[in-house]
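*Asks:* Any chance you could fold what I've pasted below:
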Amino acid sequence: MVCLDTSFIVALIRRDPKAEKRLENYVAGEAKLSTTPIAVCELFKGAYRSKRRDIEVRKIKDILAHLEILNFPIEACERYGKLANDLQLIGTQIGDLDAMIASIASTYNEPILTSDKKHFEKVQSLIVETW
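*Replies:* Numbers count the residues shown, from 1 in each chain. Okay, here's the model as predicted:
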């Protein structure tokens, strides 16, 4: 299974050929695809900012219908608290939303597929993939 970050889903919505090819490879390999509730929130926030709100919301719902939305269990909440604190102590921050996404993905032992490689590579327990 692989956890899709917001940036990858946005690339799919924008019909990025590299992202579409990467998705085709996962589908051909019968990989299970997931995302986090945090990424879903970010996607809807962007859609509701759009001038083409109804179209963008529909695109998101269509994509989400094919993904497993991971839960945000207590273990992931604790990982987030530790991660945010550890990063702050060393003077490195990735933002709360990315830290939550990373915490959820690592709780489920899933790699994250993202274009924000620099942010997510700061999380030691996370495998980061890009396209």
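
*Asks:* pLDDT-wise, which helix or strand of this protein ranks last?
*Replies:* Every helix and strand of the chain was ranked by mean pLDDT, DSSP states H and E. The lowest is helix 117-120, at a mean of 91.

*Asks:* any idea which helix or strand comes after it?
*Replies:* Next in sequence after helix 117-120, counting helices and strands by DSSP states H and E, comes strand 128-129.

*Asks:* before we move on, the earlier item: mind listing what's buried in the least confident helix or strand of the chain?
*Replies:* Neighbour-count burial for helix 117-120, counted by 16 or more other Cβ atoms under 10 Å, picks out 119-120. No exception for glycine: its C-beta is placed from N, CA and C like everyone else's.

*Asks:* Check what contacts the top helix by length along the chain and list those residues.
*Replies:* In the chain, assigned by DSSP state H, the helix with the most residues is helix 74-89. Applying Cβ atoms under 8 Å, 6 or more residues apart in numbering, the contact partners of helix 74-89 are 93-94, 96, 99-100, 102-104, 106-107, 122-123, 125.

*Asks:* out of these, which are buried?
*Replies:* Here, 16+ other Cβ under 10 Å leaves 94, 99-100, 102-104, 106-107, 122-123 buried among the contacts of helix 74-89.
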